[in-house]
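J.: Below is the sequence, then the predicted model.
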Amino acid sequence: MATATQQLYSPNRWEDEAVAYEARIGQIEIEPEPETPVEFTFEGGSEAGSAETEEHDEPNLSQFAPPKVLTSFLDNTDKTLVLVVQKALANIIEQVDAEKQQAEEAAAAAIVAAQQAEDARKAEAEAEALQGKGKAPAVDREDDGSIISIPRIEINGEAADAPAQRGTRPNRPPKRSRFGFRRIFHHIVEKGETRGESSTHGASQHHHHHHHHQQYQYTQYGWETPSSDTPTTTAATGPASIGQLFSKHIRPSTATDSVGEATEPTVECVSCLEDIRPKDAIKTVCHYYCKECFERLIAVTLETEAQWPPKCCLNPISYRVISKNLSRDLLTQYRQKDEEYKIPVQNRIYCSEPDCGEWIRKVNKARKTARCSKGHEMCVMCRQPPHAELDACPQDNDRHLTDQLAEEEGWRRCIRCNILVEHREACQHMTCRCGAEFCYVCGAAWPTCSCNMEQLNEIKQRAAARRQEREEREAADNEWLQKALQLIEELEREERRKADEVRAIEAAERARREEARLIELEAKFEELRISLTELDDLQRTMLSSVHDSEILACEARAVEARQELAIKQGTERAALRASTAAEIARCELEWENDYQTRAVWEKQLEQEYATALHMFWADKVGGHQRIDLAMRAYMRKNDERMEAWHKWRDDEREKFRFVAKDELEIREELLDAARQRHEEVLAARETDLMRRYMAERKWFDLVVAERARLLTEMEVAEREAGKEEILGSLEEKETGVIPLEGWSDEMLYVEMC
């Protein structure tokens, strides 16, 4: 029993059977499909497989050759059509090759770009790694990679020649200034040459020239300005040499005392060129400033709006740097100017007083007036002193138009808030929303006048008369304008009619002159189009016939392969079920034999035990009872052991059946997987076949479209150049070649057989 179960659970057995089954399935592979020869005399056919091909992706024409039917002709095909067909096929082949070459070049360019990006990334990573170790790329090389020569200098009191040959360089100082390379080019200027700098830099030119005439000495700390008792250079006169300047600015300058001991490093103010401590320097985007020069730079910027905002080398200085390094008064002025300059110039309002001119922040938009902090009030319309409360500004055009309309309509202004009031009904006593009471007739405060309703009605009647007069005047103007526009339109219409008649006469004359030639030309090319359409239909039918025959052959081979696989798998399934049933029957027989053996063996043990009990208890008192009790206990134990065996047998039977069923299912899955792989192979081959058909149909469609285009181009060329020129070129049959002129970019010569 254990042996049968172990065989069912053995993993090596499954692997061996799977490998063997794969080998058997591999023998059912479909043979390669032979190419069906093209029969040019075949007629009929259908567009078989067109629905299937639409489900596949667009094929790449460069991977498939054009169908052979594109070069098939009838015996009586016109030579012009033969020429057009050959030219069209050559054009499409050239186009496909060009697209393929373009794609290859694009792929190569993408690979090169990716490689360059990877190289740049590696170089950047190496530079960052060197910078993290305290190193930096060399800055003392020229464009061609050579080392900049340094004149003869003194090292530790002895004259020595600086390195000037390619591949050698002076010892690099232990540390470099972050902006040293930029500072070098601020120093490399000729005598008398000016340079661009900040607005406060010009005041320190004398110190700048003095700084250029300093001499330098190379020490253990780098290139330094020598002290009074240190030997100086012997070959450098006038401005410092380029090598010395490079060496000085590669590392921040370090002051030395009389005994040569190094002190705290310093940086240079870009304005006054004084050396200052880094903690006392003000760092902008690109340079350092001392406190005084920085405040002077900001102060000059505040005086002229053209220099706003404050900049260093055209780079704006951040507000954070400015707010941290300005005095309170200067910072207040900066904030005021910043608020002022943020407003466009045309929208700012300055005080009109000659001795004031202060920028006014707040404007009373209701009254259209503004007041500065010194109490000067002005009109925002004319920028002059304010007008009387009820007077309008002369430059307030809106107010003038409103007053004119109010006068025509008979409106009144409130005597208190100056708002316009219109009378609707009731008497002349008016009450404004501000509470003011006045007479609508004379405008006096109520009740201080003796106006009556007749006067009110007279005012309203005059206003109505003026309104009616204005409306009649506007209506008359509109009527006159409409008549003028109508007259202009009639004149233009008459001119267009005459011009159309002239053009019609000219067109008819041209049509009569061209009618004969166009009729003949249209007849000729209509015949060519009909012939070309017949040729296209014939070739399309031939292509469909070839495709149909190949599809039928492929389907027949696929059906045959499926049937063969189904027969083999059916045989294997039957054998598998039979072997499983035989294995189960064998195990049942073994269990039954084991049961019979156990039953006989237990019966024999009971008999032997009973004999032993009789021999021991036969001559004793109560022996039969003891024998009966002992036998019953012994038989119960045997029954318990038999029940345990029955339970074990049932469990083993269930396990065996489960394992057998699992094995059967696994083998079924293997068969299904093999069948699925077989179907995938068939589907892949069908897909490849459909892709080839799609490519051939696309080739055919492109060539047919190119034929139509070439024929149309040929017709257009003949329309333009004249029929005689085209016919003259086509009549050169004795030379054996036919030149096709007037085509896109070349002249194609096709030798006629």
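T.: Structure received.
J.: pretty sure residue 438 is in a helix, no?
T.: No. Counting by DSSP: H, G, I helix; E, B strand; the rest coil, residue 438 is not part of a helix but strand.
J.: Spit out the contact partners of the nearest residue to it once chain neighbours are set aside.
T.: The spatial neighbour of residue 438 that comes closest, neighbours along the chain excluded (C-beta to C-beta, 6 or more residues apart in numbering), is residue 415 at 4.8 Å. Using the backbone N, CA and C atoms, a C-beta is placed for each residue, glycine as well. Taking C-beta atoms under 8 Å, 6 or more residues apart in numbering, we find residue 415 in contact with 436, 438, 443-445.
J.: What's the ChimeraX syntax to select whichever of those residues are buried?
T.: Restricted to buried positions by 16 or more other C-beta atoms under 10 Å, the ChimeraX selection for the contacts of residue 415 reads:
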select :436,438
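J.: between the contacts of residue 415, which is nearest residue 683?
T.: Of all the contacts of residue 415, residue 436 has the smallest distance to residue 683: 96.6 Å, by C-beta to C-beta.
J.: On the C-terminal side of the helix ranked longest in the chain, identify the next helix or strand.
T.: In the chain, with assignment by DSSP state H, the single longest helix is helix 453-617. Counting by DSSP states H and E, the next helix or strand C-terminal to helix 453-617 is helix 623-721.
J.: Kindly provide the whole-number mean pLDDT of that following helix.
T.: The average pLDDT for helix 623-721 rounds to 85.
J.: before we move on, what about stretch 480-492?
T.: On average, stretch 480-492 scores 92.
J.: do the same with stretch 62-80
T.: Mean predicted confidence for stretch 62-80 is 79.
J.: residues in contact with it?
T.: Contacts of stretch 62-80 (C-beta under 8 Å, 6+ apart): 38, 40, 81-82, 85-86, 89, 92-93, 96-97, 99-100, 528, 531, 535, 538-539, 542-543, 546, 691-692, 695-696, 699-700, 703, 714, 730, 738, 752.
J.: what's the span of it, first residue to last?
T.: 28 Å (C-alpha to C-alpha, to the nearest Å).
J.: For it, buried residues please.
T.: Under the neighbour-count criterion of 16+ other C-beta under 10 Å, stretch 62-80 has 64, 66-70, 72, 80 buried.
J.: what residue ranges in the stretch 351-500 of the chain score low on pLDDT?
T.: 366-367, 388-392, 394-400, 403-404, 407-408, 410, 424 (pLDDT under 70).
J.: related to what we said a few turns ago, relative to residue 559, which of the contacts of residue 415 is nearest.
T.: Each of these was checked against residue 559 using C-beta to C-beta; the closest is residue 436, at 107.6 Å.
J.: Pull the contacting residues for the residue nearest to that closest one when sequence neighbours are not counted.
T.: Leaving out its chain neighbours, the residue that sits closest to residue 436 by C-beta to C-beta, 6+ apart is residue 416, at 3.7 Å. Shown in contact with residue 416 (C-beta under 8 Å, 6+ apart): 432, 434-436.
J.: what helix or strand does residue 416 sit in?
T.: Assigned by DSSP H and E, residue 416 falls within no helix or strand.
J.: picking up where we left off before, so among the contacts of residue 416, which ones count as buried?
T.: 432, 436.
J.: Could you dump the contacts of residue 416 into TSV and include secondary structure?
T.: Output for the contacts of residue 416, formatted as TSV (three-state DSSP):
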residue	secondary structure
432	coil
434	coil
435	coil
436	coil
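J.: For residue 607, state which of the contacts of residue 416 is nearest.
T.: residue 434 (136.6 Å).
J.: In contact with that closest one, which residues?
T.: Applying C-beta under 8 Å, 6+ apart, we find residue 434 in contact with 414, 416-417, 419.
J.: Most neighbours among those, please name it.
T.: Among these, the one with the most neighbours (other C-beta atoms under 10 Å) is residue 414, at 19 neighbours.
J.: how far away is the closest residue to that one other than its chain neighbours from residue 439?
T.: Among residues not flanking residue 414 along the chain, residue 432 sits closest, at 4.2 Å (C-beta to C-beta, 6+ apart). In this view, residue 432 and residue 439 are 12 Å apart by C-beta to C-beta, to the nearest Å.
J.: what does residue 344 give?
T.: For residue 344, the distance to residue 439 - C-beta to C-beta - is 47 Å.
J.: Who has more neighbours out of those two?
T.: Comparing residue 344 with residue 439 by other C-beta under 10 Å, the one with more neighbours is residue 439, at 22 against 7.
J.: Surely that one is in contact with residue 427?
T.: No. Residue 439 is not in contact with residue 427 according to C-beta atoms under 8 Å; the separation is 9.5 Å.
J.: tell me the phi and psi of residue 622?
T.: Main-chain dihedrals, residue 622, degrees, to the nearest 10: phi 70, psi 20.
J.: Enumerate every residue touching it.
T.: Counting by C-beta under 8 Å, 6+ apart, residue 622 has no contacts.
J.: cool, the one 5 residues further on as well?
T.: By C-beta under 8 Å, 6+ apart, residue 627 lies in contact with 610, 613-614, 617.
J.: The same query, at a cut-off of 6 Å, please.
T.: Counting by C-beta atoms under 6 Å, 6 or more residues apart in numbering, residue 627 makes contact with 613, 617.
J.: quick one: it from residue 639, how far?
T.: 18 Å.
J.: Then residue 501?
T.: Distance, residue 501 to residue 639, by C-beta to C-beta: 130 Å.
J.: Residue 575 too?
T.: 43 Å.
J.: For the nearest residue to residue 286 once chain neighbours are set aside, give me phi and psi.
T.: Distances taken as C-beta to C-beta, 6+ apart place residue 313 nearest to residue 286, at 5.0 Å, with adjacent residues excluded. Main-chain torsions, residue 313, degrees, to the nearest 10: phi 60, psi 40.
J.: Over to the one 3 residues further on?
T.: Listed backbone geometry of residue 316 is phi -60, psi 140, with angles given as degrees, to the nearest 10.
J.: ok, the closest residue to it other than its chain neighbours - how many residues close by?
T.: Leaving out its chain neighbours, the residue that sits closest to residue 316 by C-beta to C-beta, 6+ apart is residue 309, at 5.1 Å. Neighbour count of residue 309, defined by other C-beta under 10 Å: 15.
J.: do residue 544 as well
T.: Using other C-beta under 10 Å, residue 544 is surrounded by 22 other residues.
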